[in-house]
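Engineer: here's a sequence, model it:
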Amino acid sequence: MTIKDRGSNLRSRLSLIGAALLLQLSALSLDLSAQDIGLEIGSQGPFAALETIDGKPANLSEWVGRKPVLMEFWATWCSNCAQLEPTIKAMHAKYGARVAFLGIGVSVNQSPARIKAYAEKHELPWVQLYDRKGEASGAYDAPATSYVVVLDAAGKVVYTGLGGKQDLESAIRKALDAR
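Structural biologist: The predicted model follows:
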């Protein structure tokens, strides 16, 4: 093996190691505090066209501005979403009568059928929607899956967060207390 071949081989190995590290870092739960990402606090939650997991048209206008809303941009393959799932279930059990909970399935390696099957298997009792064209993800400036936005009854953003560990109870209380 020549010196040139060894150098090329070393660069290839370093590239693979770098890619592996990047994948591991992206899989970790990001420790971003709320409001470090996404929409600005106090901004109006936008409307966006989506579809139900049964393929019917839907729009966030059906929920935003009527009562507080918690929405999570998620995917069946997202480990942070799976980690956050018990927290959302607990919050839904406690606040589901007063807050609209929306699961917004991103379209990356997803389908409405896959989301529906996952939601049924994992007994997710809140509304599941599918963002086929990425309109909601774009409108809400979703940086990744496990991105949560909480809106008050007027449709104003009171919380954004990312990762498998989020203080959703405080966010919901803030939304309920907003006048």
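
Engineer: any idea which residue sits dead centre in the chain?
Structural biologist: residue 73 (2.4 Å; Cα atoms, centre = their mean).

Engineer: quick check: beta-bridge partners of it?
Structural biologist: residue 104, residue 147 (DSSP bridges).

Engineer: residues contacting residue 115?
Structural biologist: 53, 76, 103, 105, 128, 130 (Cβ atoms under 8 Å, 6 or more residues apart in numbering). To be clear about C-beta, it is placed using only N, CA and C from the backbone, and glycine gets the same treatment.

Engineer: can you lay out those residues as JSON lines showing neighbour count?
Structural biologist: What follows is these, written out as JSON lines (neighbours: other Cβ atoms under 10 Å):
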{"residue": "53", "neighbour count": "23"}
{"residue": "76", "neighbour count": "19"}
{"residue": "103", "neighbour count": "22"}
{"residue": "105", "neighbour count": "29"}
{"residue": "128", "neighbour count": "21"}
{"residue": "130", "neighbour count": "25"}
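
Engineer: quick one: which of those residues is nearest to residue 174?
Structural biologist: residue 103 (20.9 Å; Cβ to Cβ).

Engineer: can you pull the contacts of the closest one?
Structural biologist: 71-72, 74, 115, 119, 124, 126-129.

Engineer: skipping its backbone neighbours, what lies nearest it in space?
Structural biologist: residue 128 (4.5 Å; Cβ to Cβ, 6 or more residues apart in numbering).

Engineer: swap in residue 138?
Structural biologist: Nearest non-adjacent residue to residue 138, counting by Cβ to Cβ, 6+ apart: residue 48, 7.7 Å away.

Engineer: what's near enough to touch the one you found?
Structural biologist: Listed by Cβ under 8 Å, 6+ apart, the contact set of residue 48 reads 59-60, 131, 135-136, 138-140.
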